[in-house]
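K.L.:
this is a predicted model, with the sequence first.
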Amino acid sequence: MKRKLLSVMASAAVVALTAGIALAQQKPAAGGALKLSDGVVKLGILTDLSGLYSDLAGAGSVLAAKMAIEDFQAQEKGKAFPIELVSADHQNKGDIASNKAREWFERDKVDMIGDLVTTSTALAVMPVAKQLNRITIVSGAASTGITGKSCTDLNVHYTYDTYALANGTGKAVVKQGGDTWFFLTADYAFGHALEKDTTAVVTANGGKVLGSVRHPFPGTDFSSFLLKAQSSGAKVIGLANAGTDTTNSIKQAAEFGVTPKQALAGLLMFITDIHSLGLNATQGMYLTEGFYWNLNDETRKWSKRFFDLHKRMPTMVQAGVYSSTMHYLKAVKAAGTDEAKAVMKKMKATPVNDFFAKNGKIRDDGRHLHDFYLLQVKKPGESKSPWDYYHVRQVIPANDAVLPAELSECPLLKK
């Protein structure tokens, strides 16, 4: 079923969703018609449709954006401006992502690109968007550098970052007695950032890091890296990777007898990973997420709509794509134009209040401030229904979950 869905979504490279009323392209009159650069607001979802992150983002992210557009049009009751959605597979490669972004911006007049799962693709696309005065909204990538040295005034880091993940999971595991760590790290910007941020949290809470090893991205055989982690004698092996790199690491750790003698800390795990591995293999693990479908009536209502279409519960990345797309469209309406700087000004001035975030706000560096959740995977007997996988152990308030502004390397915060 998953392959069929991916095939269908990947082949539908362009999804055109237009409202029933055409709006003027000229400067808005006193009555309030929108000024659209080419008569339409065009959105692009640039994601992993075929690789190791396709399950947590991919076709589900495209679907989430489509749902947001349809919901916005329904709320406008036939008076919405024309909207189009395009999607493409960046294959987790920065050069492919930047080339596609430039093509979209220059030839196809795309106004905003969303998702951008993997740090390498986000960092490749953001400067192109800045150069061409377009907006990027990152939901899938994690590195704190996105709102650090590489920040731009036209980018939003919407869903999560490595600081929030480390601050939640790292601190919880140390407090549970996991005070010596060894890292198994994906050898690219995201993995490096996650290891660095988690190391800071572990040491600040009295723990000690005994070493680390970096594996190729993506990887398949983790045996030699796991044996190094095993020989370190660390109580905790921190998995500073994601997607199938993480699930394969967990499977092979069990095969080689690394677990249960040493504990694993999945520093970036998604509900789709838990579903793939099963509760027997993951029970008791801590993880940090920015969204869980089973938090409350509001999250359950939206997630069940998503499930009916995708046959899988949404990850935080996919929920973040929906929320950020809706926030962007509302900002276009409020700004009266699709011009990037005007829209971004409205996005930063307007709180986010939906199933994903309550009183969320976008800081000047582009970081979306919202609550996070420290979760613990349930034992098989504790799960009451399919996809009921987590205990919510702690709500981490937004101000505690994100890097303090005074510690940021983003020049936008130093004006």
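P.N.:
Arrived safely, thanks for sending. Just so it is clear, the structure is predicted and the values come from calculations on it, not from any experiment.
K.L.:
residue ranges with poor pLDDT in the chain?
P.N.:
Scanning the chain for pLDDT under 70 picks out the ranges 1-32, 415.
K.L.:
80 - rerun?
P.N.:
For the chain, the stretches with pLDDT under 80 are 1-33, 414-415.
K.L.:
I figured residue 219 hits residue 184, correct?
P.N.:
No: Residue 219 sits out of contact with residue 184 when judged by CB atoms under 8 Å, with a separation of 9.5 Å. Glycine gets a C-beta too; all of them are placed from N, C-alpha and C.
K.L.:
which neighbours do those two share?
P.N.:
residue 241 (CB atoms under 8 Å, 6 or more residues apart in numbering).
K.L.:
who's more crowded, the two?
P.N.:
Between residue 219 and residue 184, counted using other CB atoms under 10 Å, residue 184 has the larger neighbour count: 27 against 18.
K.L.:
which SSE is immediately downstream of the strand or helix carrying that one?
P.N.:
Using DSSP states H and E, the element containing residue 184 is strand 180-186. Tracing the chain past strand 180-186, the next element assigned as helix or strand by DSSP H and E is helix 189-204.
K.L.:
who are the packing partners of that following helix?
P.N.:
Applying 3 or more CB pairs under 8 Å, 6 or more residues apart in numbering; DSSP states H and E, one finds that helix 189-204 makes contact with helix 119-131, helix 162-165, helix 171-175, strand 180-186, strand 208-215, strand 236-240.
K.L.:
what sits up against the third one?
P.N.:
It refers to helix 171-175. 201, 202, 205, 206, 207, 236, 263, 265, 286, 374, 393, 394.
K.L.:
run the last query once more with 6 Å
P.N.:
Residues outside helix 171-175 that contact it (CB atoms under 6 Å, 6 or more residues apart in numbering) are 201, 202, 205, 207, 236, 265, 286, 374.
K.L.:
among these, which ones are buried?
P.N.:
201, 202, 207, 236, 265, 286, 374 (16 or more other CB atoms under 10 Å).
K.L.:
burial check on residue 387, number of neighbours?
P.N.:
17.
K.L.:
which stretches in the stretch 1-150 of the chain count as helices?
P.N.:
Secondary structure of the stretch 1-150 of the chain by DSSP state H, counting those that start in this stretch: the helices cover 2-11, 58-76, 94-106, 119-131.
K.L.:
so how far is the longest one off the chain centroid?
P.N.:
Helix 58-76 sits 16 Å away from the centroid of its parent chain (CA atoms, centre = their mean, to the nearest Å).
K.L.:
may I see the buried residues of it?
P.N.:
In helix 58-76, counting by 16+ other CB under 10 Å, buried: 58-69, 71-73.
K.L.:
show me the helices in the stretch 301-415 of the chain, by range?
P.N.:
316-335, 340-349, 398-401.
K.L.:
shouldn't residue 181 be in contact with residue 238?
P.N.:
Yes: using CB atoms under 6 Å, residue 181 makes contact with residue 238 at a distance of 5.3 Å.
K.L.:
what does stretch 184-196 rub up against?
P.N.:
119-120, 142-144, 162, 183, 212, 214, 216-217, 225, 229, 237, 239-241, 245, 267.
K.L.:
drop anything exposed from the residues you listed.
P.N.:
119-120, 142-144, 162, 183, 212, 214, 217, 225, 229, 237, 239-241, 245, 267.
K.L.:
between the buried residues of helix 58-76, which is closest to residue 383?
P.N.:
residue 60 (21.8 Å; CB to CB).
K.L.:
ok, that closest one to residue 79 distance?
P.N.:
Distance from residue 60 to residue 79, counting by CB to CB, to the nearest Å: 29 Å.
K.L.:
then residue 276?
P.N.:
The spacing between residue 276 and residue 79, counted by CB to CB, is 43 Å.
K.L.:
neighbour-wise, which of these two wins?
P.N.:
Higher neighbour count among residue 276 and residue 79: residue 276, with 16 against 12, using other CB under 10 Å.
K.L.:
tell me the SS of the more buried one?
P.N.:
Under DSSP: H, G, I helix; E, B strand; the rest coil, the three-state class of residue 276 is helix.
K.L.:
excluding chain neighbours, what is closest to it?
P.N.:
In this structure, residue 276 finds its nearest non-sequential neighbour in residue 247, 5.6 Å apart by CB to CB, 6 or more residues apart in numbering.
K.L.:
show me what the helix or strand encompassing that neighbour is packed against.
P.N.:
Assigned by DSSP H and E, residue 247 belongs to helix 244-255. Under the contact criterion of 3 or more CB pairs under 6 Å, 6 or more residues apart in numbering; DSSP states H and E, helix 244-255 touches helix 271-277.
K.L.:
which strands or helices does the helix it packs on pack on?
P.N.:
For helix 271-277, the packing partners by 3+ CB pairs under 6 Å, 6+ apart come out as helix 244-255.
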